[in-house]
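Participant: 3D, please:
(4 chains)
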Number of protein chains: 2
Amino acid sequence: MYEPAPASRPMRADAQRNYASLLNTARVAVSERGTDIVLEDIAKSAGVAIGTLYRHFPTRQDLLEAVFLDETNELRARAEALASAPVPFDALMSWLRLQMDFAAFGRSMGAVIMAAKHVPGTRIYEANKAMHEAGAVLLQRAQVAGEIRPDVHMLDVIRLVYGIALVNEHASDPDGANRMLDLVIAGIRTKPSRD
Amino acid sequence: MYEPAPASRPMRADAQRNYASLLNTARVAVSERGTDIVLEDIAKSAGVAIGTLYRHFPTRQDLLEAVFLDETNELRARAEALASAPVPFDALMSWLRLQMDFAAFGRSMGAVIMAAKHVPGTRIYEANKAMHEAGAVLLQRAQVAGEIRPDVHMLDVIRLVYGIALVNEHASDPDGANRMLDLVIAGIRTKPSRD
DNA sequence: ACCTGAACACCGTTCAAGT
DNA sequence: ACCTGAACACCGTTCAAGT
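Facilitator: Reported below is the predicted structural model:
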């Protein structure tokens, strides 16, 4: 599934194993306890020294981005799959709810993505761009179908979803996030909800 | 303006001065550099030892809540003032934009408020409750006027505003927050925007 | 080329001793 | 009753020494 950045030269076998071990450990830790992971613990669990973690992931942000890269790709794939769904509006809705689930599952996935350097060529940048483009197709189909206002930007909608995930991270009201998403959806529709 | 919690017995004069100095220092620091303040620095700038800071504010959260308590009260006062404005819808809009400004100015004010313990009797809890109630009046007036959907909760809207402020904290696009707020506003209106 | 882990730095938090 | 600041703890980050 995941392979390290297309380096100039291939990585040594043990380095490759360490990289994968670190990433998998971090992935599990983030999904279980959120982004407040202790790097020393990650290294220990992965069976390597702390220096090795830093060699592969120079900053905490780098590690977190690697963790969420898979999810970003997954979301792109889901968008691509939904692009041929029969009802454009429903496809968009499904995808937005999927975004919410991922953002909530991965804890502050939105925060990490937003903190990512906007540098073309970066893996996270390209993955994100591809995801947005795939999402934009869904949006556009729903716009052509006359269901969504033509002046809406996909990026704004995604960020709103991230925002909803963020403010509901420690929320007591489990239904609040859904109500908030419904408000956003109502905001991007051309006609008021007819159900 | 701000006075410490209504203690069982009044505070000693020097304690009162230290409390005020710490709070003012923190307020300035937060407004300048955000909530990532170094407590040791705050104490030093306030002219007291670190132990004194901890005596008055047992946790970082306590200090931050004290910082944002004033802003919460200010927003309540603004809502109360707007309650007699001629056009209910416009009053609500003004207040929501005010919320955005405050959340942005105070950096992660929303995050701090959301992390606050929901314990009745707490100063921050009561201040927040009062603010929400004052805001709810604005919402209700606009609902009675037929401008806002009757099923909208003020709390959801405020949280959405916090979410917008959060995801735009390090954003490059300075207009994004306004577009996102416009989407939310469109979502709570009964009729599509007529301008 | 990569790994190890001791060493350093930074910052939060406590608490014995002072006034 | 409150203040001081040394002491401890925790965790991030670096880098000389190893393979």
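Participant: could you give the angle of the helix or strand encompassing A:Arg179 to helix B:176-188?
Facilitator: In this assignment (DSSP states H and E), A:Arg179 forms part of helix A:176-188. Relative orientation of helix A:176-188 with respect to helix B:176-188: 90 degrees, computed using axes from the mean of the first three to the mean of the last three C-alpha atoms, to 10 degrees.
Participant: Give the buried residues for helix A:176-188.
Facilitator: Along helix A:176-188, the positions that meet the burial threshold by neighbour count (16 or more other C-beta atoms under 10 Å in any protein chain shown) are A:Gly176, A:Ala177, A:Arg179, A:Met180, A:Leu181, A:Leu183, A:Val184, A:Ile185, A:Ala186, A:Gly187, A:Ile188. Bear in mind the C-beta positions are built from the backbone N, C-alpha and C, glycine included.
Participant: Turn the residues you listed into CSV, including distance to B:Arg55 and pLDDT.
Facilitator: Formatted as CSV, these follow (distance: C-beta to C-beta, whole Å; pLDDT from 0 to 100):
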residue, distance to B:Arg55, pLDDT
A:Gly176, 36, 92
A:Ala177, 38, 93
A:Arg179, 42, 96
A:Met180, 39, 97
A:Leu181, 44, 96
A:Leu183, 43, 97
A:Val184, 44, 97
A:Ile185, 49, 97
A:Ala186, 49, 96
A:Gly187, 47, 96
A:Ile188, 50, 97
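Participant: quick one: buried residues of stretch A:151-167?
Facilitator: Counting neighbours by 16+ other C-beta under 10 Å, one finds that the buried residues in stretch A:151-167 are A:152-167.
Participant: close to chain B, is that stretch?
Facilitator: Yes - counting by C-beta under 8 Å from any C-beta of the partner chain, chain B is contacted by stretch A:151-167 at A:Val152, A:His153, A:Leu155, A:Asp156, A:Val157, A:Arg159, A:Leu160, A:Tyr162, A:Gly163, A:Ile164, A:Leu166, A:Val167.
Participant: Between these, which sits nearest A:Gly34?
Facilitator: A:Leu166 (11.9 Å; C-beta to C-beta).
Participant: Check the residue lying closest to the closest one once chain neighbours are set aside and give its pLDDT.
Facilitator: Using C-beta to C-beta, 6 or more residues apart in numbering or on different chains and skipping the chain neighbours, the partner closest in space to A:Leu166 is B:Leu166 (5.2 Å). According to the model's per-residue confidence, B:Leu166 sits at a pLDDT of 88.
Participant: Counting neighbours, what do you get for A:Val144?
Facilitator: Each residue near A:Val144 was counted by other C-beta atoms under 10 Å in any protein chain shown, and the total is 11.
Participant: cool, and the one 4 residues further on?
Facilitator: Using other C-beta under 10 Å as the criterion, A:Ile148 is surrounded by 22 other residues.
Participant: Check whether it really touches A:Asp90, as I assumed.
Facilitator: No - using C-beta atoms under 8 Å, A:Ile148 makes no contact with A:Asp90, being 12.0 Å away.
Participant: Tell me how far A:Leu53 lies from DNA strand D.
Facilitator: The gap separating A:Leu53 from DNA strand D is 8 Å, by C-beta to the nearest atom of the strand, to the nearest Å.
Participant: Contact residues of chain A facing chain B?
Facilitator: Taking C-beta under 8 Å from any C-beta as the criterion, the neighbours of chain B within chain A are A:110-111, A:114-115, A:118, A:149, A:152-153, A:155-157, A:159-160, A:162-164, A:166-168, A:170-172, A:176, A:179-180, A:183-188, A:190-192.
Participant: Cross these against helices and list the overlap.
Facilitator: Helix and strand membership here follows DSSP state H; of the residues of chain A next to chain B, those in helices are A:110-111, A:114-115, A:155-157, A:159-160, A:162-164, A:166-167, A:176, A:179-180, A:183-188.
Participant: Does the residue nearest to A:Leu166 touch B:Gly110 like I think?
Facilitator: Yes - B:Leu166 is in contact with B:Gly110 according to C-beta under 8 Å; the separation is 5.9 Å.
Participant: Find the residues that touch each one of those two.
Facilitator: Any residue near both B:Leu166 and B:Gly110 by C-beta atoms under 8 Å, 6 or more residues apart in numbering or on different chains counts here, and that gives A:Val167, B:Ala103.
Participant: quick one on the thing from earlier: who does the helix holding A:Arg179 touch, helix- and strand-wise?
Facilitator: Applying 3 or more C-beta pairs under 8 Å, 6 or more residues apart in numbering or on different chains; DSSP states H and E, one finds that helix A:176-188 makes contact with helix A:88-105, helix A:154-167, helix B:154-167, helix B:176-188.
Participant: Can you tell me which of those helices is nearest to B:Val28?
Facilitator: Nearest to B:Val28 among the helices and strands packed on helix A:176-188 is helix B:154-167; the distance by C-beta to C-beta comes to 20.1 Å.
Participant: With just CA atoms, put that closest one into CSV.
Facilitator: C-alpha atoms of helix B:154-167 as CSV (Å, rounded to 0.1, in the frame of the first residue of the first chain):
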residue,chain,number,x,y,z
MET,B,154,-27.8,29.0,18.2
LEU,B,155,-25.2,26.7,19.7
ASP,B,156,-24.6,24.9,16.4
VAL,B,157,-24.2,28.2,14.6
ILE,B,158,-21.6,29.5,17.2
ARG,B,159,-19.7,26.3,17.0
LEU,B,160,-19.6,26.5,13.2
VAL,B,161,-18.2,30.0,13.5
TYR,B,162,-15.5,28.7,15.9
GLY,B,163,-14.8,26.0,13.4
ILE,B,164,-14.3,28.5,10.6
ALA,B,165,-12.0,30.5,12.8
LEU,B,166,-10.0,27.4,13.6
VAL,B,167,-9.4,26.1,10.1
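Participant: can you count the residues close to A:Val87?
Facilitator: A:Val87 is flanked by 13 other residues according to other C-beta under 10 Å.
Participant: now do the one 3 residues further on
Facilitator: A:Asp90 has 13 neighbours, counted by other C-beta under 10 Å.
Participant: Tell me the buried residues in the helix or strand bottoming out on mean pLDDT in chain A?
Facilitator: Scoring the helices and strands of chain A by mean pLDDT, DSSP states H and E places helix A:109-115 at the bottom, with a mean of 79. Within helix A:109-115, the residues that qualify as buried are A:Met109, A:Gly110, A:Ala111, A:Val112, A:Ile113, A:Met114, counting by 16+ other C-beta under 10 Å.
Participant: If anything else comes up later, I'll come back, but that's it for now.
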